[in-house]
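> quick one: sequence and predicted model below, then my questions.
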Amino acid sequence: MPDLSLENELGGVVAGIDEVGRGPLAGPVVAAAVILDPARLPRRLLDRLDDSKALSKRLREELAELIPEAAIIGFGEAGVEEIDRVNILQATLLAMRRAYDALATKADHALVDGNRPPRLPCPVRCVVKGDSLSLSIAAASVVAKVRRDAIMADLAAAWPGYGWERNAGYGTAEHLAALKQLGPTPHHRRSFAPVAQYM
């Protein structure tokens, strides 16, 4: 389970940053930056917060409601046009920078999930599998996932048939079958091979 060891080691104000949505065929990549206040962390958050991929949808949504009570949060996105123009890695780093810039309080340090640092105005430490090690990164992974799922559910209502409310834009069998039958939407990533073949 993640804890605050890395945050305590760095000291000062630490932002955990993570992204969701690098792999999907449609929709934006969404990042979150989270500065936790250890003094305000409720026990039910400490005991259950983990990498968003290890949590059920219901628990993620419950935790996403609790996290703002004990944290400062910034969100950032990069849309499909940016993803297609600069590639998914650069778009992810851009979304992370935007999430950091959206924080109401600036951080002394940033803990970033993965092995590629975004350009930030503070020192950055990359942490592979950081969402299972750092509580701040885990919190960022949860709120980013819940936010992106909500975006994809809204897009699904406007563009039915692809199952985005269930698959969040990932290349499931349902999504690929719809892509073949219905063709790409404006929200599909044209630089991704499964989409490009139907352009």
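Right, received. Where do you want to start?

> I35: which element?
Taking DSSP states H and E as the definition, I35 sits inside strand 29-36.

> average pLDDT for that strand?
Averaging pLDDT along strand 29-36 gives 98.

> which other residues reach the next helix-or-strand element following it?
Next helix or strand after strand 29-36 toward the C-terminus (DSSP H and E): helix 43-46. With contacts defined as Cβ atoms under 8 Å, 6 or more residues apart in numbering, helix 43-46 is touched by 63, 66-67, 70, 135. In this view, the C-beta of every residue, glycine as well, is placed from N, C-alpha and C.

> one more: stretch 52-67?
Defining contact as Cβ under 8 Å, 6+ apart, one finds that stretch 52-67 is touched by 20, 34, 42, 44-45, 48-49, 73, 131-132, 138-139, 141-147, 149.

> so which of the residues you listed are in helices?
Among the contacts of stretch 52-67, the members falling in helices (DSSP state H) are 44-45, 138-139, 141-147, 149.

> show the buried residues in these.
In these, burial by neighbour count holds for 45, 138-139, 141-147, 149, counting by 16 or more other Cβ atoms under 10 Å.

> who's in contact with the helix or strand hosting E82?
Here E82 sits within helix 80-86, counting by DSSP H and E. Residues outside helix 80-86 that contact it (Cβ under 8 Å, 6+ apart): 26-29, 91, 94, 186-191.
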